[in-house]
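Q: Structure, please.
(4 chains)
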Number of protein chains: 4
Amino acid sequence: MFFASDNWAGAHPLIAQSLVSYAGGYASAYGTSDLDRRVEETFNRVFEREVAVFFVATGTAANSLALAATSRPGGICFAHAEAHMLEDECGAPEFLSSGGRLRPVQGSHGKIDAQELSREMARFPAGNVHSGQPMAVSVTQSTETGSIYSLSEIEAIAQIARSRAVPLHMDGARFANALVALDCSPAEMTWKRGVDLLSFGGTKNGCWCAEALVFFDPEKAREFGFMRKRAAQLFSKTRFVAAQFESYFADDLWLENAKTANRMAKHLATALHGSNSARLAWKPQANEVFAVMSTAKAQALQAAGARFYDWKEPDQWDGSLSAGEGLFRFVTSYATQEDDVTRFAEALQRA
Amino acid sequence: MFFASDNWAGAHPLIAQSLVSYAGGYASAYGTSDLDRRVEETFNRVFEREVAVFFVATGTAANSLALAATSRPGGICFAHAEAHMLEDECGAPEFLSSGGRLRPVQGSHGKIDAQELSREMARFPAGNVHSGQPMAVSVTQSTETGSIYSLSEIEAIAQIARSRAVPLHMDGARFANALVALDCSPAEMTWKRGVDLLSFGGTKNGCWCAEALVFFDPEKAREFGFMRKRAAQLFSKTRFVAAQFESYFADDLWLENAKTANRMAKHLATALHGSNSARLAWKPQANEVFAVMSTAKAQALQAAGARFYDWKEPDQWDGSLSAGEGLFRFVTSYATQEDDVTRFAEALQRA
Amino acid sequence: MFFASDNWAGAHPLIAQSLVSYAGGYASAYGTSDLDRRVEETFNRVFEREVAVFFVATGTAANSLALAATSRPGGICFAHAEAHMLEDECGAPEFLSSGGRLRPVQGSHGKIDAQELSREMARFPAGNVHSGQPMAVSVTQSTETGSIYSLSEIEAIAQIARSRAVPLHMDGARFANALVALDCSPAEMTWKRGVDLLSFGGTKNGCWCAEALVFFDPEKAREFGFMRKRAAQLFSKTRFVAAQFESYFADDLWLENAKTANRMAKHLATALHGSNSARLAWKPQANEVFAVMSTAKAQALQAAGARFYDWKEPDQWDGSLSAGEGLFRFVTSYATQEDDVTRFAEALQRA
Amino acid sequence: MFFASDNWAGAHPLIAQSLVSYAGGYASAYGTSDLDRRVEETFNRVFEREVAVFFVATGTAANSLALAATSRPGGICFAHAEAHMLEDECGAPEFLSSGGRLRPVQGSHGKIDAQELSREMARFPAGNVHSGQPMAVSVTQSTETGSIYSLSEIEAIAQIARSRAVPLHMDGARFANALVALDCSPAEMTWKRGVDLLSFGGTKNGCWCAEALVFFDPEKAREFGFMRKRAAQLFSKTRFVAAQFESYFADDLWLENAKTANRMAKHLATALHGSNSARLAWKPQANEVFAVMSTAKAQALQAAGARFYDWKEPDQWDGSLSAGEGLFRFVTSYATQEDDVTRFAEALQRA
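A: Residues are numbered from 1 along each chain as shown, chains lettered A, B, ... in the order given. Sure, this is the predicted structure:
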C-alpha cells in the first residue's frame, strides 16, 4: 500500500534488464556512443520530428536548465502557483538560470488560467527595465494535483506566450500519464500545440534515473551542450541513461506503465469515493488521487501500513476542510498492484 | 584495446547485479531509504570516522559543489594548472560557486608545488578586497597525469591551506587507484593528512554512476543538503546510487578493481617502454600511461583498433617532442584484460 | 508641478556645495579616506551604536546586497507583494544573491500582514530541502504606497523573523520620510525594534547619489567588503558619497528635507481631497499621495504641465475604480515648493 | 607628491561646476532626461558612429558587464595575466557574468602577445564541451604597466578574436591617456581596429564618478538595459553622470587632462632616470611610471611625504631586482602639478 509517491517504486524489470545487458564492453563516453545516438533517433520518431534531446540527472535539472536555456536578463518565467518549479525545487530554477524569476500564476485544479496569465504578463510591458521582462511560460502536464491540460488549453497558453515572443515549456515529469489519459500522440500534446521545450521524465514511470530536456527546435539548442556540462549534468557513462530510455520506449513500455498507474489511480479513487470514511477532493485524471478524510482515519490507515502524504490545501480550491479533516495525496505507479488497492480498500473499510 | 578513458568501460558485473537486486519493491526517496542510510554508515567505516556523504550525479558536480560549499565572496581556489576542474569542467566550478575563481598553480608531474602554492597565495593578502581572498586549495589524487601525491606532500599542502584558514579539497575521481598504489588507508590519505572535503569517485572504477562529496567534518555540511538540491543534484531514487556503492565496498571490490587497473597500466607501460616504437613520457603511478611516439605510429595503432587520446604537452615537463612525435595517453580500468595489453603490445611491434 | 517621483529632483544646494568643497586635493581611494571614516562615525552617532556602513551606487544595490549578505542555499526572502524588490528591481536581488528567491506576502496598505507572514513562513519547514528555507524578511519603510509601519508592527514582524532565526531587513529608500512621520529616533525605528540590516537611502531626499547598506551587527559584515567589491559597487572616489552624507546629516538637513516633503504631500492631499475632481485612495503618511480621478481629468492636468504616474491597483485595496477612473501617484520631495502645490490645486479646479 | 593613484585626485573644477549647474530643477530619472540624451549624442560624435552607451558606477562594473554581455555557457575571456579584471576586481567579472572564466595570457610590458593568444585560444577547440569555449578577448589601453598597444597591435588581436567569432573588449579605464599618447582619433583606436566593446573611464581623468560601457554595434546592446539594471548599476539620477561627461568632452577637457597627466609622467620619469637613486623599470608611455630603487630610499621618500605604491614584479619582465631593491609605481593625473614633480625630484636627490 505504497501510495506516497511514484518515485518510491524501483525500476521496471525490463529496464533493469536493459541496464545489465549493456554493462559489459566499451563505449565512448559523454553522450557520443552508438546507443546514445540510437536513442536520440528514437526521440525523433516518438515526437515525429527532429528534436534535440539532452539527458540530465533529475527532473529538477531538466526544468532548471530549460529556464537557463530561455534566460534573459531580468527574465521572468510564469508558472502555476503550485508548480513543482516553485514549490519543490529549492530554488534550483532560479539558481541555475542565474537569478531568473518565477512568477506564480493562479488557476484552479493546478492549471494556469489563461486570463490570469495574460493579466500577469501585462504587468511586464516590453522595454520596462524596472519590472523585468517575460522569458518563458511553464505548464506541468500532468499537474501537481493530478489534473491534465486539454490540448486546447495548452494551445491557448502557447498563444499567449507567443504573443510576447517567449517559449512555452512543459514540465513532463508525468508526461506519459497525461498522454495516455488524453489518448493523443506525443507530438499532439507538445509542439503541435505550441510547446517549445519539454522536461521529459522517465524516472517516475519505471526508470531508475532517466530524465531528458527536449528542444523541439534543435537550432535553439546549439549552445545547450555547454550549458548542461557547465551545470555538471553531463554523465560520463550516458549510455546507461540511454539504455533505460531504449527499453522504456520499446514495445510502448512507457505507455503501458502509465496506463497501469492511471488505472490503479481510478481504482483507488473508486475505493475512496465508495467508502464512507473519505471523499474525493477532486476528480483524478492521471495517477494522483486527492482525498479528504479525518486525520484520525488517516493515521489508522498509516498504522495499517498505508503510505501517503498530507497535502497542503491549494489556494484555488472550491472545497474545504472541516475540523479534524485533512487533505491527503495518493500516488500510483507502474508498480502498483490491484492487490495493493484492494487491501487499501479493506483497510479503509476497517478504519 | 580500449585505452581511451576509464569511463569507456561499463559496469562491473557485481555492481550491475546489485542494481537489479534492488529494482523491485518500494523505498522512500531523496536519500532517506534504509539502503541510503546503510551505505552512509559504510562510508563512516571506510573512513574511520563520522563523515557527511552526499551522492551527486557526476565528478564535476562533486568538485563544483565542493567549491560552492567553501565559497566566499571574491574567493579563489588554488588548483594545479592541469587539474580537471580547470581544464575539463566547462566552468562548472565557477558557475556552481557563483563566480568563484580557480587560480592555476604550477608544479611538475601534475602536482601542485608547495612553494608555488605559497607564492600564489601570498598574492592575496588578507583583507585586500581588490585581489579577492583564498577560499580553498584543491589537489587531485591520482592526478591527471597519472602521478600520485605522497602522504607527506598532501600534508605539506594541507599546512599551507591551514595557514590561510582555508579547507583542502581532494578530487578523488581516481581515489582508489591512488589508494592502492600508496597502500595506505582511506583515512591516512585524507583527513589524517589534512584533507577536509573529498570528491569520491566510483564511476571510473566500475560503477555506472556513483559519485559522492564527503565532508570529514559533518558540521561543515549542515547547509549542504540545500546546496545539492539547489544545484539539481539530488536524485529521487538515490538508493540506486547507494546500491552501487554497497556493492563497490563489499569484499573490497573497489580496491580489487583499482589494483587490476593499476596492474594493467604497469603491463602497458612495460610494453611501451620495451618497444622501439615508443618511450614513456614519465613513470606511471596509477592507471594512466603517457607515451611519446610518432604520430604515424599512433595512427597505425588506432587503425589496428587501439583507442587512446592525443594529449597536450604539460607546461611543466622535462621531456620534449621531436618533429613528427606526439604525446599520447593510455588509461586502463577494472575492465582491462591482460589480453588487451598483449594484443596492443603485438600491434605496437607491428606498427 | 513635478510629482512624478522624488528622484526627479536634483540635489539640495548644501549637498552640491559639499561636493564642490571636496573637489580639490587628494585622498586615498576605495573608502579609506579621512572623510569616509568621519562619515562612518556619524552613522554610529545617528544610530546610537557601532554599525558597519557600506556605500553603494543605488538603492537596488543596497537591497540586493542585503539579500546576498543573508543568503543561504535554497533561501527565501519574504517581502510584501508590492515591495520595490519584487516589482521594480529587474531581478537584481535574485541575481546578486545568486538565485535567492523573493516570496510575496500579502497585507493591506503595502505592509506585510504579520499573520500572513507566519503562514507563508510555515510553508517552509526547517530542513525541508524541497521547499527551500527562509533566509530573510524585508520590510519597506515608508512603503511603496506611502504608508508607514508603526514601531510595534516592526517589532511584531521582527519577532516572527527571529522565531525562524532569519534577519530582518528594512528597505529605507524613504527612511527619513518615515522617521519624521513617526517622530522617533533612527535607533528606535530600526535595531531597537529588531531590524538587522538597513538600506539607507539619501538619493530620494536631496542627494545626487548616496545610498548605504547598514549592518547593525558589524560582526555580520566581516566578509561584506568582498561582497560589495565583487558586485562592482565599490566606488574608487567614495569620498564624494561620504561628502554628500556629511552634508546630509549636518544640522539635520536630512530631517528637514523629509519634513518638507511630507508637509508638501499633506498639502497636496488636502488639495486633492478638497477638489470635486478627485478622491484620495487612502490616507498618505509620508511623501506619496494616491488619488482616484477620471483619466480624462488626469490627462487635462498632465496637459497643464503636471507630472505624475498611473499606478496599478494594489491587490489588497478596499477601494475600487469606476469606469473611466484611474489610480494616480503623486510624490513630493525636499524640492517641492508650496507654489507647486498651489498651482496644481488651481489646475485641479480648472480640470 | 601624491603619485599613489590617479583616483586619489578629486574632480576637475569644470566638472564640479557642471554638477552644480544641474543641481536645481527636475528631470526624468533612469537615463531618460534630455541631458542624458544629449550626452549620448556626444558619444556618437566622439566615436564618429552611432554607439550604444550605458553609464555604470565603476570601471569594474563596466568591465564585468562587458563580460556579462558577451557571456556564453562555458565561456572564457582571454586577458593579459596582469589585467585589472584578473588582478584587481575581486572576481566581479566572474560573478557578474555568472561564472564566466578569465584566462590569463602572457606578454611583455603588460600587453597580450598575439602568438600567445592564438596558442591559448587553440586550447579551446570549437564544440568541446569539456574545455569550454572562447567568449571574448580583452585588452587594456593603456595597460596596468603604463604601456600602450599600437594600432596595429590592436588590429592583430582583433583578427585573432574574429577568427574565433568572439568580440574584442577594451578596458579603457585610462583610455584618454592612451589616446593622446598615440595621437589618433577615438574611432581609430577602437572600432576601426576591431574593438567591439569599450569600458570608457572618466573617473581617473578628472571626473568624480563617470564610467560607461560603449557598444560599437548598438544592435548587440538590445538586452543590455536589463542587464545593467539587474546588476543594480542603473543610477536613478543618471543626469549627474551625464553632467560630468558633458563637461568632460566640452572643449576637449578630457584630452587636455590626459595630456597633463602624461606630461607629468614624463617629467617624473626624467627625474627618476636622472637621479642616481633610482632607475626606470621600463619606458613609460602614458601616465604611469615604474622605477626600481632601494626600499630604504623608497621609505625615505615616503617619509618625506611622497605617496606611491610597491608593485609586484610582472611575470614577464626583462629586468630584475637586486637585494634590498623594490619595484615602485608612480601615477600622475590631471591634477599633478609641475611643482609636485619638482619637489619629488628634490626629495629624490636628498634621499
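Q: Chain A against chain D: which residues are in contact?
A: Taking CB under 8 Å from any CB of the partner chain as the measure of proximity, chain A contacts chain D at A:30, A:68, A:72-75, A:98-99, A:127, A:129-130, A:132-133, A:223-230, A:234. From N, CA and C alone the C-beta is placed, and that goes for glycine too.
Q: Can you flag the buried ones in these?
A: A:30, A:68, A:72-75, A:98-99, A:129-130, A:132-133, A:223-230, A:234 (16 or more other CB atoms under 10 Å in any protein chain shown).
Q: Give me the subset of the residues you listed that also touch chain C.
A: A:P73, A:G74, A:G75, A:S98, A:G99, A:V129, A:H130, A:G132.
Q: low-confidence ranges in the stretch 151-300 of chain A?
A: Along the stretch 151-300 of chain A, the model assigns pLDDT under 70 to no residue.
Q: Flag every residue of it that's near chain B.
A: A:203-204, A:208-209, A:226, A:229-237, A:240.
Q: now the helices: where do they sit in the stretch 201-350 of chain A?
A: Taking DSSP state H, counting those that start in this stretch, the helices of the stretch 201-350 of chain A run over residues A:224-230, A:239-249, A:253-274, A:295-303, A:338-350.
Q: For the residue nearest to A:A81 when sequence neighbours are not counted, give the beta-bridge partners.
A: Excluding its sequence neighbours, the residue lying closest to A:A81 (CB to CB, 6 or more residues apart in numbering or on different chains) is A:P104, at 3.8 Å. In this entry, A:P104 is beta-bridged to A:A79, by DSSP bridges.
Q: Spit out the contact partners of the most centrally placed residue in chain A.
A: Closest residue to the average C-alpha location of chain A: A:A173 at 2.2 Å, with CA atoms, centre = their mean. Contacts for A:A173 (CB atoms under 8 Å, 6 or more residues apart in numbering or on different chains) come out as A:G59, A:H84, A:T140, A:S199, A:G201, A:T203, A:K204.
Q: Would you quantify the distance from A:P186 to A:T140?
A: 16 Å (CB to CB, to the nearest Å).
Q: So for these two, which sits in the more crowded spot?
A: Neighbour count, other CB atoms under 10 Å in any protein chain shown: between A:P186 and A:T140, A:T140 has more, with 29 against 22.
Q: Need the pLDDT of the more buried one.
A: For A:T140, the pLDDT comes out at 98.
Q: what are the phi and psi values for it?
A: Dihedral pair for A:T140: phi -110, psi 130, per degrees, to the nearest 10.
Q: beta partners for it?
A: Bridge pairing for A:T140 - DSSP bridges - gives A:D171.
Q: so what's it up against?
A: Residues near A:T140 by CB under 8 Å, 6+ apart: A:A79, A:H80, A:A83, A:H84, A:G110, A:M170, A:D171, A:A173.
Q: Let me see the contact set for the residue lying closest to the last one once chain neighbours are set aside.
A: Nearest residue to A:A173 in three dimensions, chain neighbours excluded: A:G201, at 4.0 Å (CB to CB, 6+ apart). Counting by CB under 8 Å, 6+ apart, A:G201 makes contact with A:G59, A:A62, A:G172, A:A173, A:R174, A:F175, A:A210, A:E211.
Q: now do A:E338
A: A:M264, A:H267.
Q: Distance of it relative to chain D?
A: Look at A:E338 and chain D: by CB to the nearest CB, to the nearest Å, they are 47 Å apart.
Q: Repeat that for A:V195.
A: Distance of A:V195 to chain D, given as CB to the nearest CB: 23 Å.
Q: hang on, the earlier thing: out of the residues of the stretch 151-300 of chain A next to chain B, which two are the most distant from each other?
A: Across these, the longest distance by CB to CB is 28.3 Å; it joins A:K204 and A:F226.
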